[in-house]
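**Student:** here's my sequence, what's the structure:
(2 chains)
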Protein chains: 2
Amino acid sequence: MPYTHVEILPQLRNAGEKVQREFEQYACVRTCSRGEFIALEGDRCHFFHLVVSGSLRIYKGDEYGREITLYKVKPGESCILSAFCILNGGEFPANAMAEETTQVIEIPAIVFRDWLNRHEFWREYIFSRFSVHLSNIISRIESLVFRRMDERIAQFLVHSASGASNRVKLTHSDIARELGTAREVVSRILKNFEKARLIRLSRGNITIINQQGLFPQAGSRGR
Amino acid sequence: MPYTHVEILPQLRNAGEKVQREFEQYACVRTCSRGEFIALEGDRCHFFHLVVSGSLRIYKGDEYGREITLYKVKPGESCILSAFCILNGGEFPANAMAEETTQVIEIPAIVFRDWLNRHEFWREYIFSRFSVHLSNIISRIESLVFRRMDERIAQFLVHSASGASNRVKLTHSDIARELGTAREVVSRILKNFEKARLIRLSRGNITIINQQGLFPQAGSRGR
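**Tutor:** Predicted structure coming up:
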């Protein structure tokens, strides 16, 4: 096992040895392949999930095949929607798919609930995760309502660019799925950005050449 | 006092007399006038709020004066964003305004936290509220991404119509604020609905005359 539970969940450190042993007893590791679903919309949740390595994408889709990413779960993070489902006994309201080979720790629903009642460290951990997720989701709504699609794409490119290369290794379809729009819309806006010399497009790659230009000071907004 | 705490929070019934007395000791009632803010974006939360009568509107605005309602808090419901702020020590991420004369029970932040640690009924109540809110907010995102504005307005009209009269007593600006769009967009779409004999418009009133027609079976979607 290339990690310790305390590395994945540092909150365990102060919870005492007894709690750490309990965690080791109930937390099982599962490895998901790229593209594997750990939950589909409508599923019941029998486990709470914590990501050890890799990445889970939590998204919604409509009947026309369009998708929007709600959030991703990266190493050390947990899938808070599975917590909600366990707590309200309801159905998982989205899809959760491994974006690459992903290791998750599964904690059985009954243990999850029991810990909420018995362990303060666990309550604090879960509540703080809830808070982070809710505030992310509210930002998402804000951006959907108040930002035009070109502004949302510009923001997404800057957030997704890796380091000094300023390169984004995503296809137009990937970006459409992230932002809940059609590929054609993404392609049209990216072409406009290229014409304005803000980015350079090549096969499967987008290079940002003028980051400042992607965020014009003034600009009318609307939908 | 025209209500008992157990009426507002039925979960108290099974929590025992001692807990009920504790609730009476710490829960203070505050009356807000129509238009009064109980929290502004950026505020710290010193209280958790439970609505006794009236209605709170929780909304976000942008720098151009546009608004979108995130949710409303009706009698017997609580403002879950204030719980989040208390738990993560952060700022209130929206505005909370009384839509009419509104009575709220205020529970001090320190008591709120203490109860989460000590009272199972309180944890279950707060977690179940979190779940309901999160699933509402996810539906909101779904509707923003996958539904056209005319579909969203149609849905909002049907939800807002009062009983047998099928009448919606809201101005076009009210609807725009609810759905995060411009008044002009609402007026244009309502006029189209009127032309199609789906609704009848009069001063400050919208009457639905063909509810089925507001939900066409087929219809291309997009933004």
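**Student:** residues touching A:G54, list them.
**Tutor:** Residues in contact with A:G54 (Cβ atoms under 8 Å, 6 or more residues apart in numbering or on different chains) are A:C32, A:P75, A:A98, A:E99, A:E100, A:T101, A:T102, A:Q103. Yep, even glycine has a C-beta here, placed from its N, CA and C like the rest.
**Student:** mind listing which of the residues you listed are in strands?
**Tutor:** A:C32, A:A98, A:T102, A:Q103 (DSSP state E).
**Student:** ok, the third one to A:D174 distance?
**Tutor:** In this structure, A:T102 and A:D174 are 17 Å apart, going by Cβ to Cβ, to the nearest Å.
**Student:** the two: who's more crowded?
**Tutor:** A:T102 (25 against 16; other Cβ atoms under 10 Å in any protein chain shown).
**Student:** so what's the more buried one bridging to?
**Tutor:** Partner residues in beta bridges with A:T102, using DSSP bridges, are A:C32.
**Student:** what's near enough to touch it?
**Tutor:** A:T31, A:C32, A:R34, A:E36, A:V51, A:S53, A:G54, A:S55, A:L56.
**Student:** quick one: which of those is nearest A:N210?
**Tutor:** Lowest distance from A:N210 to those (Cβ to Cβ) belongs to A:S55, with 29.2 Å.
**Student:** pull the number of nearby residues for that closest one.
**Tutor:** 17.
**Student:** give me the nearest residue to it, chain neighbours excluded.
**Tutor:** Among residues not flanking A:S55 along the chain, A:E99 sits closest, at 4.4 Å (Cβ to Cβ, 6 or more residues apart in numbering or on different chains).
**Student:** over to A:L144?
**Tutor:** Nearest one to A:L144, counting by Cβ to Cβ, 6+ apart, is B:L144 at 4.5 Å.
**Student:** could I get the contacting residues of the one you found?
**Tutor:** Neighbouring residues of B:L144 by Cβ under 8 Å, 6+ apart: A:I141, A:L144, A:V145, B:R152, B:G180.
**Student:** surely the fourth one and B:E178 touch.
**Tutor:** No. Counting by Cβ atoms under 8 Å, no contact exists between B:R152 and B:E178, whose distance comes to 9.4 Å.
**Student:** angle of the longest helix along chain A against helix B:120-146?
**Tutor:** Counting by DSSP state H, the longest helix found in chain A is helix A:120-146. Put simply, helix A:120-146 runs at 30 degrees to helix B:120-146, going by axes from the mean of the first three to the mean of the last three Cα atoms, to 10 degrees.
**Student:** tell me which helix or strand comes right after helix A:120-146.
**Tutor:** Toward the C-terminus, helix A:120-146 is succeeded by helix A:149-160 as the next helix or strand (DSSP states H and E).
**Student:** could you check the angle helix A:120-146 makes with that following helix?
**Tutor:** Using the same axes, to 10 degrees: helix A:149-160 against helix A:120-146 is 140 degrees.
**Student:** so is helix A:149-160 next to chain B?
**Tutor:** Yes. For helix A:149-160, a contact with chain B is found by Cβ under 8 Å from any Cβ of the partner chain, at A:M149.
**Student:** would you mind writing the CA trace of that helix as CSV?
**Tutor:** Listed next in CSV are the C-alpha coordinates belonging to helix A:149-160 (Å, rounded to 0.1, in the frame of the first residue of the first chain):
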residue,chain,number,x,y,z
MET,A,149,-19.9,31.4,-22.6
ASP,A,150,-16.8,33.1,-24.0
GLU,A,151,-15.9,34.4,-20.5
ARG,A,152,-16.5,30.9,-19.0
ILE,A,153,-14.3,29.3,-21.7
ALA,A,154,-11.5,31.9,-21.1
GLN,A,155,-11.7,31.2,-17.4
PHE,A,156,-11.6,27.5,-17.8
LEU,A,157,-8.6,27.7,-20.2
VAL,A,158,-6.6,29.7,-17.7
HIS,A,159,-7.5,27.4,-14.9
SER,A,160,-6.7,24.3,-16.9
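**Student:** gap between it and the chain center?
**Tutor:** 16 Å (Cα atoms, centre = their mean, to the nearest Å).
**Student:** can you pull the contacts of A:N88?
**Tutor:** So A:N88 contacts B:F127, B:S128, B:S131, B:V132 (Cβ under 8 Å, 6+ apart).
**Student:** mind checking which of these are buried?
**Tutor:** Those of the contacts of A:N88 that meet the buried threshold are B:F127, B:S131, B:V132, by 16 or more other Cβ atoms under 10 Å in any protein chain shown.
**Student:** how much space separates the first one from chain A?
**Tutor:** Applying Cβ to the nearest Cβ, to the nearest Å, one obtains 5 Å for the distance of B:F127 from chain A.
**Student:** for the second one, same thing?
**Tutor:** Distance from B:S131 to chain A, counting by Cβ to the nearest Cβ: 4 Å.
**Student:** so what's that residue closest to, chain neighbours aside?
**Tutor:** Here the residue nearest B:S131, using Cβ to Cβ, 6+ apart, is A:N88, at 3.9 Å.
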